[in-house]
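Colleague: Give me the fold of what follows.
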Amino acid sequence: MLRTPLALAVLLLPGLALGEEHVVVQKDKQFSQDRIRIRRNETIRFVNEDPFAHNVFSRSDVADFNVKLQEPGSSDSVVFDKTGTGLVRCAIHPGMKLTVEVTDE
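Modeller: Residues are numbered from 1 along each chain as shown. Predicted structure coming up:
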């Protein structure tokens, strides 16, 4: 599981709560949706339901992360703590793209 500084703070500071968790499934070399809108400090859990590995990452200002090699049946969560729009991709399957819009609303 990916531990961002905010996620670590939640583990260490009682009373600090994150928003909703959204699930995006990876199946047939694609994300279960191509666009998602979430609020700042909400989480996306990326679930690999393919029989092969994925490598979910983003290099955008709104989300700069790399979950590295994600084996079949595993999942990783990412907290989005900045507003804006970013692109999430798979380093192994370049056709996989997910646009994430993060708002304060």
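Colleague: Just the pLDDT for residue 105.
Modeller: Residue 105 carries a pLDDT score of 79 in this model.
Colleague: give me the beta-bridge partners of the residue lying closest to it once chain neighbours are set aside?
Modeller: The shortest distance from residue 105 to any non-neighbouring residue, by CB to CB, 6 or more residues apart in numbering, is to residue 39 (6.7 Å). In this view, the C-beta of every residue, glycine as well, is placed from N, C-alpha and C. Note on residue 39: beta-bridge partners by DSSP bridges are residue 103.
Colleague: Let me know how buried residue 39 is, in neighbour terms.
Modeller: 14 (other CB atoms under 10 Å).
Colleague: Residue 34 now?
Modeller: Around residue 34 there are 10 other residues, counting by other CB under 10 Å.
Colleague: and what of residue 70?
Modeller: Here the count is done by other CB under 10 Å, and residue 70 has 20 residues near it.
Colleague: again, but for residue 78
Modeller: Applying other CB under 10 Å, I find that residue 78 has 24 neighbouring residues.
Colleague: If anything else comes up later, I'll come back, but that's it for now.
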